[in-house]
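[1] sequence plus predicted model, see below.
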Amino acid sequence: MKVNIVELIKKELLKRCNESKDSDGFDFYEDHIKYVVENAVALAKKYDADVEIVELGALLHDIAMPSNIGPREEQHIYGAKIAEELLIKYNYPQDKIEAVKQCVLNHRGIKDLPRNTIEEEIVADADVIAHFDSIPALFSLAFKERNLNLNEGTKFVKKKLERDYNKLSVRTKKLLEERYFSIRKVLFNE
C-alpha cells in the first residue's frame, strides 16, 4: 500500500493547529492554510506545475506558527526546518524535500529570498490569494491583535491587501485583478 504523503502531512498539521488555537478563535488551518492549499492546487494545475510539491509547500508554508516555534518574522526559516524533519520522517525523496523546503522558505516574498521555481511562485501567490479569501481574519488581526480603532484598522487592511496584490506574480495578478478591484470597491468605496 502506497503511503499518501499529503494526507500524512495534513494530519500532522491539523494536530498542531488544533493544539494551538487562540483564545480569540483564530484557527490557522480553517482561517488561512486551507485557502492556501485550495488556491495552490488550482494554480499548479493551471500552470502545469508539480501538484504534490505545491500542495505540500502550501500545507507546510506556515507550520512554524501553530507549532509555536521561533518569532513570526522568521517563521519561513523555522517552517522550512520543520518541513524537512517531517518529510524525512516519512521517507520522502530528498530532491522533493528540497523543493518543498524552498516553497516554504520563499513564500513570503522577501527581497533576499527570490522564487526560483514555478512551485515556489505558486505557493507564494496562493498565500496572498488566501488573504482575499479570508478578509474577516485580516480585520480580526487589525482590531483584536493590533488593537486599532476603526479608521486605523480599515487603513491597515486596505494597505495589507494592496501590498499582497503587488507581491503576486504577473500572471496571477492578471487572474486576480478584477476580484481585487471589486473588493476595494465594496470595502473601501473606491
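    Now that the structure is in, tell me what you want to look at.

[2] ok, the nearest residue to Val51 once chain neighbours are set aside - contacts?
    Leaving out its chain neighbours, the residue that sits closest to Val51 by Cβ to Cβ, 6 or more residues apart in numbering is Ala44, at 4.5 Å. For the C-beta atoms, the positions are set from N, CA and C on the backbone; glycine is no exception. By Cβ atoms under 8 Å, 6 or more residues apart in numbering, Ala44 lies in contact with Asp50, Val51, Val54, Glu55, Glu119, Ile122.

[3] figure out how far the lowest-mean-pLDDT helix or strand in the chain is from the centre of its chain.
    Least confident helix or strand of the chain, by mean pLDDT, DSSP states H and E, is helix 28 with a mean of 84. Chain-centre distance of helix 28: 10 Å, with Cα atoms, centre = their mean, to the nearest Å.

[4] now swap in stretch 170-185 and tell me
    So, by Cα atoms, centre = their mean, the centroid of stretch 170-185 is 18 Å from its chain's centroid.

[5] okay, that stretch in PDB with CA atoms only?
    Extracted C-alpha coordinates of stretch 170-185, given in PDB (Å, rounded to 0.1, in the frame of the first residue of the first chain):
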ATOM      1  CA  VAL A 170       2.500  38.900 -13.100                       C
ATOM      2  CA  ARG A 171       0.300  36.100 -14.400                       C
ATOM      3  CA  THR A 172      -1.600  35.500 -11.100                       C
ATOM      4  CA  LYS A 173      -2.000  39.300 -10.700                       C
ATOM      5  CA  LYS A 174      -3.900  39.300 -14.000                       C
ATOM      6  CA  LEU A 175      -6.100  36.400 -12.800                       C
ATOM      7  CA  LEU A 176      -6.900  38.300  -9.500                       C
ATOM      8  CA  GLU A 177      -7.200  41.800 -10.900                       C
ATOM      9  CA  GLU A 178     -11.000  42.000 -11.300                       C
ATOM     10  CA  ARG A 179     -11.500  40.500  -7.800                       C
ATOM     11  CA  TYR A 180      -9.000  42.800  -6.200                       C
ATOM     12  CA  PHE A 181     -10.600  45.900  -7.500                       C
ATOM     13  CA  SER A 182     -14.100  44.600  -6.700                       C
ATOM     14  CA  ILE A 183     -13.000  44.000  -3.100                       C
ATOM     15  CA  ARG A 184     -11.600  47.600  -2.900                       C
ATOM     16  CA  LYS A 185     -14.800  49.000  -4.300                       C
END
